[in-house]
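Engineer: no sequence for this one, just the structure:
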C-alpha cells in the first residue's frame with residue numbers, strides 16, 4: 001500500500017475530541033445505561049470492568065485479573081468523536097480512553113475453557129435469505145414494528161429475540177452469518193460457542209425455543225438441530241483471554 005493511501009485511510013478514522021469522565025453519583029438508578037448517537041457515546045453508572053469488556057468486545061470470561069475495585073467503581077462518561085462514527089467505532093475509541101485516562105495495561109494469553117463446538121449435523125436446513133426478512137445494514141437502526149401476525153424485522157445481518165408467552169423466546173434475523181449466531185448462542189448458553197461449521201454464506205433464522213426456566217418447551221440445542229441442522233457438542237478449547245496487568249482511577253475533569 002502506498003504511503004499516501006495509508007495516510008488517507010488513517011486520516012479518515014474517527015478520533016475523540018471531547019471526553020468527560022466522572023464517578024457516578026451515589027444513589028443512582030442501580031443499573032447501567034449506554035446510549036450511542038452518531039459520533040457520540042454516553043454511559044451512566046457503568047462498572048469499569050464492563051466498560052473494558054465493551055470496548056474490547058470481550059465476554060466476561062475473556063477478561064480476568066485487575067483490582068477488586070473495578071467491579072464496583074462506576075462512571076458516567078460522555079465521549080464525542082470528531083466526525084461520524086457508529087456504535088462499534090465509538091466503543092472501539094474507548095480503548096484510547098481506558099489507556100490514557102485509566103492507564104490500563106493488559107496482555108493476552110491462552111487458557112482452556114469449557115465450550116460448545118457448533119457443527120453441521122444435517123446439511124441443507126439453513127434457510128436461504130428471503131426478501132423482506134431484514135432491512136438495511138445499520139445495527140443501530142433498531143427493529144421495525146411488524147404488522148399484526150408478522151415477525152419483527154431488524155437490520156440485515158443482526159438477530160432479535162422477542163419474548164413469547166409461557167417463558168418461550170423467538171430468535172429471528174435475516175442475512176445472518178454464522179459468527180453472529182455463534183455469538184448469540186454464547187450469551188444464551190453461558191458458554192463460549194466455537195464455530196466449526198465452515199459455513200460462510202448468509203442465512204435467515206426464525207426459531208422458537210424455551211428459556212431455561214420454561215419446562216415443557218423445546219430446548220435451544222434441540223431446535224437448532226431439528227430446524228437448522230446445527231449441532232452443539234460439549235468440548236474444551238484454548239481461547240484468548242485479556243489479563244489486566246494494571247489500572248488506575250482517572251483524575252477528575
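Structural biologist: Yep, that arrived. Bear in mind the structure is a predicted one, so any value in this text is a computation, not a measurement.
Engineer: what sits against residue 105?
Structural biologist: Shown in contact with residue 105 (C-beta atoms under 8 Å, 6 or more residues apart in numbering): 244, 245, 246, 247. In short, each C-beta sits where N, CA and C put it, glycine included.
Engineer: likewise for residue 201?
Structural biologist: With contact set as C-beta under 8 Å, 6+ apart, residue 201 has these partners: residue 177.
Engineer: residue 177 versus that one, what's the distance?
Structural biologist: According to C-beta to C-beta, to the nearest Å, residue 201 and residue 177 sit 8 Å apart.
Engineer: over to residue 167?
Structural biologist: Separation of residue 167 from residue 177 (C-beta to C-beta): 29 Å.
Engineer: just residue 56 next, same as before
Structural biologist: 21 Å.
Engineer: phi and psi next, for the residue nearest to residue 210 when sequence neighbours are not counted.
Structural biologist: Excluding its sequence neighbours, the residue lying closest to residue 210 (C-beta to C-beta, 6 or more residues apart in numbering) is residue 217, at 2.6 Å. When read as degrees, to the nearest 10, the backbone of residue 217 gives phi -100, psi 150.
Engineer: residue 217: what's it in contact with?
Structural biologist: Counting by C-beta under 8 Å, 6+ apart, residue 217 has contacts 166, 167, 168, 209, 210, 211.
Engineer: mind redoing it with 10 Å?
Structural biologist: Contacts for residue 217 (C-beta atoms under 10 Å, 6 or more residues apart in numbering) come out as 164, 166, 167, 168, 169, 208, 209, 210, 211, 223.
Engineer: could you check how far residue 236 is from residue 249?
Structural biologist: Using C-beta to C-beta, we find residue 236 at a distance of 37 Å from residue 249.
Engineer: show me which of the two is the more surrounded one.
Structural biologist: Neighbours per residue (other C-beta atoms under 10 Å) separate residue 236 from residue 249, with residue 249 holding more: 15 against 10.
Engineer: so is that one in a helix, a strand, or just coil?
Structural biologist: Classification of residue 249 by DSSP: H, G, I helix; E, B strand; the rest coil places it in coil.
Engineer: wait, doesn't residue 175 sit right on residue 202?
Structural biologist: Yes: between residue 175 and residue 202 there is a contact under C-beta atoms under 10 Å: 4.3 Å.
Engineer: give the residues shared as contacts by those two.
Structural biologist: Common neighbours of residue 175 and residue 202, using C-beta under 10 Å, 6+ apart, are 128, 129, 134, 156, 157.
Engineer: just give me the neighbour total for the second one.
Structural biologist: Just to be clear, that refers to residue 129. Look at residue 129: counted by other C-beta under 10 Å, it has 15 neighbours.
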